[in-house]
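Engineer: Could you look at this predicted model? Sequence included:
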Amino acid sequence: MKRKKISSLKGELHIPGDKSISHRSVMFGSIAEGTTVIKNFLPGADCLSTIDCFKKMGVEIKQENSDVTVYGKGLDHLTEPKELLDVGNSGTTIRLMLGILAGRPFHSITAGDESIAKRPMKRVTDPLRKMGAKIDGRSGGEYTPLAVRGGHLTGIDFQSPIASAQIKSAILLAGIQANGTTTVTEPHKSRDHTERMLSMFGVKLEEDKTSVSIVGGQTLKGTDVFVPGDISSAAFFLAAASLVPNSEVVLKNVGLNPTRTGILDALRKMGAHLKIDRKDHGSAEPYGDLTVKNTTLKATEISGDLIPRLIDEIPIIALLATQAEGTTVIKDAAELKVKETNRIDTVASELTKLGARIEPTEDGMKIHGKTPLLGGVSVSSHHDHRIGMMLGIAALICEKPIDISHPEAVKVSYPTFFDHIDKLAEKA
Ligand code: S3P
């Protein structure tokens, strides 16, 4: 796909629903008793994989674009799947679903695409085995396909070595089905959508700084869920409007959960022109409108407990940093190596092709700005949606057009991404 420079971006966008919240709404609705009505669901490939997996376990789910109804009948009504549970490209689907499967008294096999086959699963399968689940897979349960025979679980007190909402959520979902109390403690707090949504479904949890505990045997009750726009998707347009001259863009109803707003903190540190209008009225997940204008940026450091609050935004932050005055240092982010691609390598290789000066490091990267991006070359998403979108925004400021291969990867989290760029470019 050829993409080229534009003179400015103007207008308003409704960013599609949050991916993390969309997954959870379908999963929790599927194990709840009673109907769950979901509005502004993200109809991206990853969340459609979640719907497909739960349908294969006998749950009736109706989906029409971003309206979804899940007819839950409770955990005990999930049935043994006759087919492979195919999670496609979705790490969230497989890891969270493993927590549910761990307690179900049946056999299942889960697998996904080539990227999923390379992603580490022991971080989830090891603690779930400790709780009593039988799970096997390549390299001792590290890689897909994974075979699960769930059953009787016992609560654990788990100290996670990594701040990861996928690990935390998998263990809590097993914990609901376990005897006694399950506690997860993280080195830094990861996104807390599971905790917030379990409360909406009537489950009691106890939270203390970076720990969360759940008592087993609780029942989820179906409910209505409004999914705010995904701040990780909004991030691409926050960056685009900051970088492209004479731009002003309004992003409506974007999720503002504090465990996800690290990108707003990073943008502020870089000197971005950003206005936030909170619009929710005490809903479980806060949201609001974001207005962003083009401005000059300065380098910053991104590290420590900021990392889990913006982990998915690092590819687009790297692009911003190429246009910021000074050297931006990103560290404590070794988790980037085990995302949909090794995002330290893919970000550095693709941005370097465009003319950026980036030094990959063991746990992040150093980006030297301000460096003009010349473009005029072919780059690749490497089948990673966030790399594809970062390159789609990079094209807007490259001197010469660029050719992006595998642009369809964006469908995983933002099927209308390129249409949205074109819409804002037209208004300009
Ligand atoms: C997610 C958690 C994060 C994030 C992923 C979605 C979630 O992964 O990168 O895109 O919905 O729980 P980790 O928990 O592995 O950090």
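Structural biologist: Done, it's in. Numbering: from 1, shown residues only.
Engineer: Disregarding flanking residues, what is the spatial nearest neighbour of residue 116?
Structural biologist: Ranked by Cβ to Cβ, 6 or more residues apart in numbering and with sequence neighbours excluded, the top spatial neighbour of residue 116 is residue 144, at 5.7 Å. Just so you know, the C-beta spots here come from the backbone N, C-alpha and C atoms, and that holds for glycine as well.
Engineer: If you could redo that for residue 410, that was the one I meant.
Structural biologist: Nearest to residue 410 is residue 417, by Cβ to Cβ, 6+ apart, at 4.4 Å.
Engineer: Kindly report the same for residue 168.
Structural biologist: Excluding the flanking residues, the one nearest residue 168 by Cβ to Cβ, 6+ apart is residue 184, at 4.8 Å.
Engineer: How much space separates the one you found from the ligand?
Structural biologist: Taking Cβ to the nearest ligand atom, to the nearest Å as the measure, residue 184 falls 12 Å from the ligand.
Engineer: returning to that earlier point: can you tell me how far the residue nearest to residue 410 sits from residue 44?
Structural biologist: 10 Å (Cβ to Cβ, to the nearest Å).
Engineer: what's the answer for residue 245, then?
Structural biologist: With Cβ to Cβ as the criterion, residue 245 and residue 44 are 31 Å apart.
Engineer: between those two, who's got more neighbours?
Structural biologist: residue 44 (25 against 10; other Cβ atoms under 10 Å).
Engineer: any idea which helix or strand of this protein has the worst average confidence?
Structural biologist: Lowest by mean pLDDT, DSSP states H and E among the helices and strands of the chain is helix 417-427, with a mean of 94.
Engineer: Spit out the contact partners of residue 104.
Structural biologist: 75, 78, 150-151, 177 (Cβ atoms under 8 Å, 6 or more residues apart in numbering).
Engineer: what's the answer for residue 390, then?
Structural biologist: Residue 390 neighbours (Cβ under 8 Å, 6+ apart): 236, 315-316, 318-319, 347, 350.
Engineer: Find the nearest non-adjacent residue to it, please.
Structural biologist: With sequence-adjacent residues excluded and distances taken as Cβ to Cβ, 6+ apart, residue 390 is closest to residue 315, at 4.2 Å.
Engineer: I'd like to know how many residues surround that neighbour.
Structural biologist: Number of residues near residue 315 (other Cβ under 10 Å) recorded here: 28.
Engineer: Show me the shaky parts of the chain.
Structural biologist: Filtered on pLDDT under 70, the chain yields the residue ranges 428.
Engineer: hey, where'd the helices end up in it?
Structural biologist: Secondary structure of the chain (DSSP state H): helices located at 19-31, 45-55, 91-101, 122-131, 138-141, 165-175, 193-200, 231-243, 262-269, 307-310, 314-322, 343-354, 385-394, 417-427.
Engineer: want to try TSV for these, with distance to residue 366 as columns?
Structural biologist: TSV is the format used below for the helices of the chain (distance: least, Cβ to Cβ, whole Å):
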stretch	distance to residue 366
helix 19-31	29
helix 45-55	31
helix 91-101	27
helix 122-131	28
helix 138-141	33
helix 165-175	27
helix 193-200	32
helix 231-243	19
helix 262-269	15
helix 307-310	15
helix 314-322	9
helix 343-354	10
helix 385-394	17
helix 417-427	28
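Engineer: re the thing from before, can you pick out the most distant pair from the contacts of residue 390?
Structural biologist: Within those, 236 and 350 form the most distant pair, 14.8 Å apart (Cβ to Cβ).
Engineer: So the two - more neighbours on which side?
Structural biologist: Neighbours were counted for residue 236 and for residue 350 using other Cβ under 10 Å; residue 350 has more, 28 against 24.
Engineer: wait, doesn't that one sit right on residue 387?
Structural biologist: Yes. Assessed by Cβ atoms under 8 Å, residue 350 is found in contact with residue 387 at 6.4 Å.
Engineer: which residues do those two both contact?
Structural biologist: Taking Cβ under 8 Å, 6+ apart as the contact rule, residue 350 and residue 387 both touch residue 380.
Engineer: How many residues are close by the closest residue to residue 75 other than its chain neighbours?
Structural biologist: Nearest residue to residue 75 in three dimensions, chain neighbours excluded: residue 31, at 4.6 Å (Cβ to Cβ, 6+ apart). The tally of other residues near residue 31 (other Cβ under 10 Å) stands at 27.
Engineer: May I have the residues that are in contact with residue 31?
Structural biologist: By Cβ under 8 Å, 6+ apart, the contact set of residue 31 is 72, 74-75, 78, 100, 220.
Engineer: So which of the residues you listed sit within strands?
Structural biologist: Filtering the contacts of residue 31 for membership in strands, criterion DSSP state E, returns residue 72.
Engineer: The contacts of residue 31 into TSV, with extra columns for distance to the ligand?
Structural biologist: Output for the contacts of residue 31, formatted as TSV (distance: Cβ to the nearest ligand atom, whole Å):
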residue	distance to the ligand
72	20
74	24
75	20
78	21
100	14
220	18
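Engineer: Give me every residue in the stretch 1-150 of the chain lying close to the ligand.
Structural biologist: 20, 92 (Cβ under 6 Å from any ligand atom).
Engineer: And stretch 227-246, what's buried?
Structural biologist: 227-244 (16 or more other Cβ atoms under 10 Å).
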